[in-house]
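Visitor: need coordinates for the following:
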Amino acid sequence: KYAQRGSGETRSCGTGACAVAVATARRDGTDPAVTGLPATYRVDLPGGTLTITEHPDGSVDMTGAAVIVAEGTIDPAWLETATG
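Guide: Coordinates of the predicted model:
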């Protein structure tokens, strides 16, 4: 389960997926900074599959499907109050 502050439970967490992929790679002895080659990981979540690529410079890319899971409206008066 994934809990996002302010949103509650969600079907996935991109930041968490990236962190888990990199941490798992280190545990298994994989480090693109050492090999000089990007490393790609697949992370399966209830919301779908993500592909995480860690590059030798330490940057991390995440790709996967993006879908609308909810829609709503905001009262303009609330927005004015919230943004001050």
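Visitor: sheet-wise, list the partners of the helix-or-strand element of the chain with minimal mean pLDDT with their directions.
Guide: Lowest mean confidence among the helices and strands of the chain (mean pLDDT, DSSP states H and E): strand 2-4, at a mean of 73. Next to strand 2-4 in the sheet, as set by DSSP bridges, lie strand 8-10 (antiparallel).
Visitor: just want the most central residue of this structure.
Guide: Closest residue to the average C-alpha location of the chain: Gly14 at 1.0 Å, with C-alpha atoms, centre = their mean.
Visitor: quick one: the closest residue to it other than its chain neighbours from Gly8, how far?
Guide: Of all residues not flanking Gly14 in the chain, Met62 sits nearest, at 5.3 Å (C-beta to C-beta, 6 or more residues apart in numbering). The way it works is simple: take the backbone N, C-alpha and C, and place the C-beta from them, glycine included. Computed as C-beta to C-beta, to the nearest Å, the Met62 to Gly8 distance reads 22 Å.
Visitor: quick one, which of these two is more surrounded?
Guide: Shown here are Met62 and Gly8; by other C-beta atoms under 10 Å, Met62 has more neighbours (15 against 8).
Visitor: for the more buried one, list each beta-bridge partner.
Guide: Here Met62, judged by DSSP bridges, has bridge partners Ile52.
Visitor: so who does it touch?
Guide: Gly14, Ala17, Cys18, Leu50, Thr51, Ile52, Thr53 (C-beta atoms under 8 Å, 6 or more residues apart in numbering).
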